[in-house]
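**Student:** Give the three-dimensional model of this entry:
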Amino acid sequence: MISLQEQAEAAYYDNNGELHIPAGGVEKKNTDNIVFKGDSGDKTEESINDEVSRDQNLSPNDEKDVGITGDKQLFEVIKSRKGYRDGVYYCGEKNDGNSSKIWVCSSLNVLADTRDHAQNNWGRLLSWQDNDNHEHVWACPAELLQASDQIEFRKALANGGLIISTNPRARKLLCDYVLTYRTDKKARCVDRIGWSNGRYVLNSQVIGREDHKDFIVYQGPVSADFATNGTLEDWKKTVAALAVENSRITFAISCSFAGVLAEIAGETGGGFQFTGETSKGKTSTLMDPAASVWGHPDSFAKKWRTTTNGLEALCLARNHNILILDDLGQIEPSEAGQAAYLIANGQGKARMTKDVSARPPIIWKTLLLSSGEVDLSQHVESAGKKARGGQVVRLPSIPADTGSGWYTIENLHGCTDGKEFSGKIKGSARLYYGSAGVAFLEKLAGDYLTIEAGIKTSISDIVKIFNLSSDHPPEVGRVAERFALVAYAGELATEYGITGWESVASLSSAQQCFREWLAQSDGSVGYDEQNLLYQISTYLQTYGGSRFPNCDIHPDDLAKVQCRSGFTRIEAGELQYLVESGAFRNELCKGFNLKWATEALIKKGWLIPGSDRPQQKPRVKALGKTVRVYVIDSKAIEGDEF
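**Tutor:** Numbering: from 1, shown residues only. Have a look, this model is predicted:
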């Protein structure tokens with residue numbers, strides 16, 4: 001028996017590229033722990049391959065079926081044949097006309113043609129095992145096979161543990177094999193998690209068994225954020241059980257279920273924030289239980305500290321799901337408002353390709369659950385900016401403190417204090433996680449068409465239970481619908497047997513959280529209207545005595561008034577401010593649409609309009625003529641509630 005070193009030195013390739021090893025040669029398998037960290041994924045992708053092969057009648061390459069041109073078989077996949085190494089072989093001829101087989105790579109199966117929903121990005125679905133018998137599945141883009149040297153294609157396969165020949169000719173033949181293998185199977189690739197034709201795509205499995213022409217293959221970034229540990233019963237008896245009679249915890253968990261319903265319900269985007277003091281258990285008692293619905297809290301819940309590009313990636317990774325971001329204070333105040341818009345609006349920045357054409361924007365829909373010591377408006381205004389109503393409506397602030405004395409907790413469930421309770425639910429969320437989300441999706445996918453048909457009506461019915469005033473601002477109505485979606489999701493999860501809660505528990509918690517948000521935000525008027533009234537009141541209180549002389553003032557005294565904004569007069573015993581047009585537009589209503597502002601002020605009773613327009617045209621004795629002015633009632637500075 002010659003040594004391995006002697007065999008290696010004596011081995012050679014003939015003119016046809018065939019490898020010859022002296023007799024007595026022994027092949028040694030590589031037993032290193034090789035894990036594919038690229039597009040093909042890791043062990044979690046094994047379920048995809050099993051599903052593809054079992055349910056879609058996709059089987060590995062048949063020897064008689066591989067790479068045929070006319071009647072000539074170009075490639076052959078050999079397994080367990082005496083005298084041959086397992087793998088893909090090219091079937092050629094030697095110079096003397098005798099047949100010759102060139103080993104190309106270890107066993108590689110072509111399962112289907114792939115493309116996206118726009119009939120672009122075609123490719124081939126490949127599967128193979130590494131030396132640890134670990135299954136890999138990869139939707140290989142066809143464009144990689146058209147590169148001049150196909151090096152990226154081979155690197156991706158090698159990174160996943162496929163053994164590829166070093167023979168230059170064999171390496172080129174690998175590309176030919178993948179391209180020429182004939183299959184009538186088709187797969188639809190998706191690059192993000194979420195709903196696709198009634199089925200929910202996770203990076204490790206596709207949930208929903210409807211009769212579709214195409215099966216679905218996930219081709220997005222590989223992530224371990226969605227994970228399971230323990231059974232659903234474990235989660236129900238520990239995490240969900242501690243949420244009973246705790247309104248904030250029940251609401252937080254219900255938000256996690258609501259994330260997968262946002263697309264079905266037509267929710268425009270947005271979320272909620274729990275706001276309160278630091279080190280009071282917001283993370284352990286609210287964020288962690290919510291994250292445990294889908295994965296380990298340390299992986300699934302993220303921090304606000306990120307760039308715009310990083311935030312887009314996070315949103316895409318939580319498409320049609322819940323995005324949990326802890327500690328709003330970690331993002332710069334100057335960026336916080338735009339970040340809220342970005343998440344809620346569901347579209348990334350416009351970008352260009354190398355040829356200066358427009359690249360399709362990144363699109364998502366997610367429900368945001370945030371926490372912080374201050375709410376969004378306070379955080380934005382700490383940088384000297386003004387928070388807009390649209391930003392605040394997208395992230396309404398719920399007081400984390402329940403007023404019970406235990407902060408976020410209302411029922412200790414036998415614990416001696418809040419600290420013990422926090423530690424208990426925090427530990428449970430890290431032991432049992434992920435099973436609730438999968439179980440909810442399995443039930444929901446089976447009822448998809450029924451839920452889709454009735455969810456909007458159900459949400460409208462829940463909003464009626466909230467008992468809004470008939471003249472509530474539109475912003476309050478939109479926020480109420482989002483609270484109602486959370487209530488609906490929690491009740492649906494309870495109906496499916498996921499939570500173990502009593503009926504209406506989720507509805508009650510959502511209603512309580514909504515009432516407390518409404519009371520705190522003074523929801524009798526919209527946020528933008530509050531800002532407008534506050535701005536006008538502050539201006540008149542500050543400058544009412546110096547920039548608004550009496551309309552009967554002597555012209556000589558009028559000349560001494562600096563930065564005049566208008567005049568004052570007494571009408572029917574009441575003080576009125578006659579604001580000149582420039583000051584009204586550029587000072588009192590600065591930052592607001594003028595038409596909207598005048599309508600809001602008239603509705604509030606602060607602006608007294610003329611007969612046919614918002615302005616009046618009184619005679620101002622100090623100017624000796626009539627002037628068009630905006631007449632503001634004195635209630636604007638008399639402490640009238642906004």
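**Student:** Give me the number of neighbouring residues for the residue nearest to Pro221 when sequence neighbours are not counted.
**Tutor:** Nearest residue to Pro221, sequence neighbours excluded (Cβ to Cβ, 6 or more residues apart in numbering): Ala317, at 6.8 Å. C-beta: built from backbone N, CA, C; applies to glycine. Neighbour count of Ala317, defined by other Cβ atoms under 10 Å: 20.
**Student:** How much space separates Ala317 from Gly295?
**Tutor:** According to Cβ to Cβ, to the nearest Å, Ala317 stands 11 Å off from Gly295.
**Student:** any idea which element Ala170 lies in?
**Tutor:** Using DSSP states H and E, Ala170 maps to helix 168-180.
**Student:** which helices and strands does that helix pack with?
**Tutor:** strand 75-78, strand 87-93, strand 99-105, strand 123-129, helix 151-159 (3 or more Cβ pairs under 8 Å, 6 or more residues apart in numbering; DSSP states H and E).
**Student:** Quick one: mean pLDDT for the third one?
**Tutor:** pLDDT averaged over strand 99-105 equals 88, rounded to a whole number.
**Student:** so what secondary structure elements neighbour the helix or strand that comes right after that strand?
**Tutor:** Counting by DSSP H and E, the next helix or strand C-terminal to strand 99-105 is strand 109-115. On a contact count with 3+ Cβ pairs under 8 Å, 6+ apart, strand 109-115 meets helix 46-55, strand 123-129, strand 186-190, strand 215-218.
**Student:** now strand 109-115 against helix 168-180, angle please.
**Tutor:** Interaxial angle, strand 109-115 versus helix 168-180 (axes from the mean of the first three to the mean of the last three Cα atoms, to 10 degrees): 60 degrees.
**Student:** So, low pLDDT: which residues of this structure?
**Tutor:** Scanning the chain with the threshold set as pLDDT under 70 gives 1-73, 97, 210-214, 350-360, 381-392, 522-527, 638-642.
**Student:** thinking in terms of the whole chain, how far from its middle is the biggest helix by length in the chain?
**Tutor:** Ranked by residue count, the top helix of the chain under DSSP state H comes out as helix 474-495. Relative to its parent chain, helix 474-495 has a centroid offset of 18 Å by Cα atoms, centre = their mean, to the nearest Å.
**Student:** Packing partners of the very next helix or strand once past that helix?
**Tutor:** The C-terminal neighbour of helix 474-495 among helices and strands, as given by DSSP H and E, is helix 505-521. Under the contact criterion of 3+ Cβ pairs under 8 Å, 6+ apart, helix 505-521 touches helix 247-258, strand 397-399, helix 448-465, helix 474-495.
**Student:** next one: helix 505-521 to chain centre, how far?
**Tutor:** The mean C-alpha position of helix 505-521 is separated from the chain mean by 24 Å, Cα atoms, centre = their mean.
**Student:** List the buried residues for that helix?
**Tutor:** Buried residues in helix 505-521, defined by neighbour count with 16 or more other Cβ atoms under 10 Å: 505-514, 516-518, 521.
**Student:** what does it contact?
**Tutor:** 244, 247-248, 250-251, 254, 272, 392, 396-399, 462, 465-466, 476, 479-480, 483-484, 486-487, 489-491, 493-494, 499, 523, 527 (Cβ atoms under 8 Å, 6 or more residues apart in numbering).
**Student:** Would you write a PyMOL line that selects the buried entries of these?
**Tutor:** Selection of buried members from these for PyMOL, criterion 16+ other Cβ under 10 Å:
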select buried, resi 244+247+248+250+251+254+272+392+396+397+398+399+462+466+476+479+480+483+484+486+487+489+490+491+493+494+499+523+527
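**Student:** Identify the residues contacting the nearest residue to Arg547 once chain neighbours are set aside.
**Tutor:** Closest residue in space to Arg547, ignoring its immediate chain neighbours: Ser565 at 4.2 Å, by Cβ to Cβ, 6+ apart. Residues near Ser565 by Cβ under 8 Å, 6+ apart: Tyr543, Arg547, Phe548, Val579, Glu580, Ala583, Glu587.
**Student:** hmm, back to that, now the angle between strand 87-93 and the helix holding Ala170, please.
**Tutor:** 100 degrees.
**Student:** how many neighbours does Thr308 have?
**Tutor:** Neighbours around Thr308, by other Cβ under 10 Å: 13.
**Student:** partner residues bridging the nearest residue in space to Leu157 that is not next to it in sequence?
**Tutor:** Leaving aside its chain neighbours, Leu157 sits nearest to Ile164 (6.5 Å; criterion: Cβ to Cβ, 6+ apart). Beta-bridge partners for Ile164, by DSSP bridges, are Cys105.
**Student:** pretty sure Ile164 is touching Arg171, no?
**Tutor:** Yes: applying Cβ atoms under 8 Å, one finds Ile164 in contact with Arg171, separated by 6.5 Å.
**Student:** Any chance of CSV for the helices and strands packed on helix 505-521, columns distance to Asp176?
**Tutor:** Output for the helices and strands packed on helix 505-521, formatted as CSV (distance: least, Cβ to Cβ, whole Å):
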stretch, distance to Asp176
helix 247-258, 48
strand 397-399, 60
helix 448-465, 42
helix 474-495, 51
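**Student:** Which among these is found nearest to Glu93?
**Tutor:** Across the helices and strands packed on helix 505-521, the minimum distance to Glu93, taken as Cβ to Cβ, is reached by helix 448-465, at 55.7 Å.
**Student:** what's that closest one packed up against?
**Tutor:** helix 262-265, helix 474-495, helix 505-521.
**Student:** let's see 7 Å
**Tutor:** helix 262-265, helix 474-495 (3 or more Cβ pairs under 7 Å, 6 or more residues apart in numbering; DSSP states H and E).
**Student:** These: which one's closest to Ala290?
**Tutor:** Nearest to Ala290, of the helices and strands packed on helix 448-465 and by Cβ to Cβ, is helix 474-495 at 10.9 Å.
**Student:** Report the backbone C-alpha coordinates of the closest one in CSV.
**Tutor:** Extracted in CSV, the C-alpha atoms of helix 474-495 (Å, rounded to 0.1, in the frame of the first residue of the first chain):
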residue,chain,number,x,y,z
PRO,A,474,-59.2,62.4,12.0
GLU,A,475,-55.9,61.7,13.7
VAL,A,476,-57.7,60.2,16.8
GLY,A,477,-59.8,58.0,14.5
ARG,A,478,-56.7,56.6,12.8
VAL,A,479,-55.0,55.8,16.1
ALA,A,480,-58.1,54.2,17.4
GLU,A,481,-58.2,51.9,14.4
ARG,A,482,-54.6,50.8,15.2
PHE,A,483,-55.5,50.1,18.8
ALA,A,484,-58.5,48.1,17.5
LEU,A,485,-56.3,46.0,15.3
VAL,A,486,-54.2,45.0,18.3
ALA,A,487,-57.4,44.2,20.2
TYR,A,488,-58.6,42.0,17.3
ALA,A,489,-55.3,40.2,17.0
GLY,A,490,-55.1,39.4,20.7
GLU,A,491,-58.7,38.1,20.7
LEU,A,492,-58.0,36.0,17.5
ALA,A,493,-54.9,34.5,19.1
THR,A,494,-57.0,33.6,22.2
GLU,A,495,-59.7,32.1,20.0
